[in-house]
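K.L.:
predicted structure and sequence below. I'll ask about it afterward.
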Amino acid sequence: MVQEVRLPRLGKAMSQATVVSVKVAVNQSVEKGQILCELETDKATLELESPAAGMIKHIFCIPEQALPIETPLFMIAEPDEVIPGNLLKLLQNEFTLLHDSLKHQVPVTQSYTGSEVKWPEPKRPANGNGKKIPLSRRQRIIADKMLTSKQHIPCFYLNIRVDVTGLVETLATLNKSIEGHYSVNDFIMLALAAGLKHYPIMTGKLGEDSITLASTIDIGLVVAAAEGPVVPVVRDIGSKTFEQVSACRRDMVERAKKNALTPDDMADGCITVSNLGKSGIDSFIPIVVPGQCSILGVGRIFDMPVPSGKHDIAIRSMMNLNLSVDHRTANGADAAQFLDFVKKQLEHPAGLLDKSAASSKSEAAAG
C-alpha cells in the first residue's frame, strides 16, 4: 500500500520547517519509526520518523528547503509495488507549488518592516583569512525577532536589588540530600507567578485594539543549548507546588541540552527569565520577546555589607533584577509595583513555599 509522508504540524504555532538533512535514499528499506529526515523550525530541530515499514519509492525534498506543513516529503510502499505515474506527478506538482509559496514571504533574515539584518565583517589584512561561521536558521530567526523587538517595542527598564540571604540558606537546606537538585530559578519563577496573579496586566499580549491577559501563568526560561539559546516554558506555575515547578524546570533544561524540545515546549509564555548569574554577570538589560509584555534579567548572587541596627554592619547575599517592559502594554506604576512584589516574595522564601503548596491544594479542591 502506497503511503505519503507529509510535513506534519509538530507544534500549535508551527507553519513551516526547513529540511536539515535527509537520512534515507530511494529504494532503501525502512522500519516503522526509523528516522527519515531532520527538520528545523524557528524553535527546535526535530526528527521525522517513518509511519510504516516499507521501501522508499520517492523523495521530494532536499536539504536546506523551507517548506510549509502538509508538503509531501516521501512516498513509501511495498518493495514490489509500483507508484502510479499520475499520482507521482500530482504530488510533485503539489510539492512545487507549496515550496514556491514560501518564496513570496519575508525571509527570516529580514525584519517585519523589510529591513535586512546585516552582519558586518571587520576588514582584515590582505593576507588574513577571516573565518566565516554560517548562521543556522534558528540564529537567523532569533536575530530577526530581536531586531523586531528593538525597532517596534518601546521599552522602559526597572532594576531592583534583592536580599536573598534567606533564599540562599533555604536552598542550601533543600539541597543537602541532592546537590544542585533545586535552583534559584525555581524560586524566581514562583515569585513571578505570585506577582503575575496580583498584577495580571503584566501577562498581557498586545493586539490591534485590545490587550489579552493570559489564562494560565506560563513562564519561559532561557537555556544555553549547543545550537544557541532556547526558551522552554514551564506551564501553569500558578497551580504548581515548588517541587512540581522544580521538576518541570529540570526536565525542560535536560531536554533543551539534548535538543529534544518540541515547538509546543517553547510556545506562548507570558514572561521570560534570563539568568546570567552563573556567568558572573552583576546585571544586564534583556530584550523583550515579541508577543510578551516583559522579560526579567537576573544577575549573580554576591555578598555585600549592609547596615544592621544603629552601629552594626552585616554581610548579606544580594542579587540584582532588571525588568524590561513593553510600555504599550504596562505602565511604569504597574511594572514597578509588580517588581517590588516579586522582590518581597524572594526575600521571604518560606512564605513563597507555603503559598505554592496552598495554591496547589486550592486548585486540586476546585477541580
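P.N.:
Looks like it came in fine.

K.L.:
only C-alpha atoms for contact and neighbour calcs from this point on.
P.N.:
Fine.

K.L.:
show me the residue at the heart of this structure, geometrically.
P.N.:
Relative to the mean C-alpha position of the chain, the nearest C-alpha, by Cα atoms, centre = their mean, is the one of residue 231, at 2.1 Å.

K.L.:
the residue lying closest to it once chain neighbours are set aside: how many residues sit nearby?
P.N.:
The shortest distance from residue 231 to any residue that is not its chain neighbour, by Cα to Cα, 6 or more residues apart in numbering, is 4.5 Å, and that residue is residue 222. A count of nearby residues for residue 222, using other Cα atoms under 10 Å, gives 17.

K.L.:
okay, residue 222: pLDDT?
P.N.:
Confidence at residue 222, expressed as pLDDT, is 95.

K.L.:
how much space between it and residue 239?
P.N.:
Counting by Cα to Cα, to the nearest Å, the separation of residue 222 from residue 239 is 22 Å.

K.L.:
repeat for residue 47
P.N.:
As defined by Cα to Cα, residue 47 lies at a distance of 33 Å from residue 239.

K.L.:
quick one: which of those two has more around it?
P.N.:
Under the neighbour definition other Cα under 10 Å, residue 47 and residue 239 were set side by side, and residue 239 has more, 21 against 17.

K.L.:
so how far is residue 187 from that one?
P.N.:
As for residue 239, its distance to residue 187 is 14 Å (criterion: Cα to Cα).

K.L.:
which residues in the stretch 251-367 of the chain form strands?
P.N.:
271-275, 294-308, 312-326 (DSSP state E, counting those that start in this stretch).

K.L.:
how distant is stretch 315-335 from the center of its chain?
P.N.:
Going by Cα atoms, centre = their mean, to the nearest Å, the spacing between the C-alpha centre of stretch 315-335 and its chain's C-alpha centre is 21 Å.

K.L.:
ok, now stretch 189-196?
P.N.:
Centre-to-centre, stretch 189-196 and its host chain are 18 Å apart (Cα atoms, centre = their mean).

K.L.:
show me where the stretch 101-250 of the chain has helices.
P.N.:
137-152, 165-174, 184-198, 242-257 (DSSP state H, counting those that start in this stretch).

K.L.:
low-confidence ranges, the stretch 101-250 of the chain, go.
P.N.:
Filtered on pLDDT under 70, the stretch 101-250 of the chain yields the residue ranges 103-129, 179-180.
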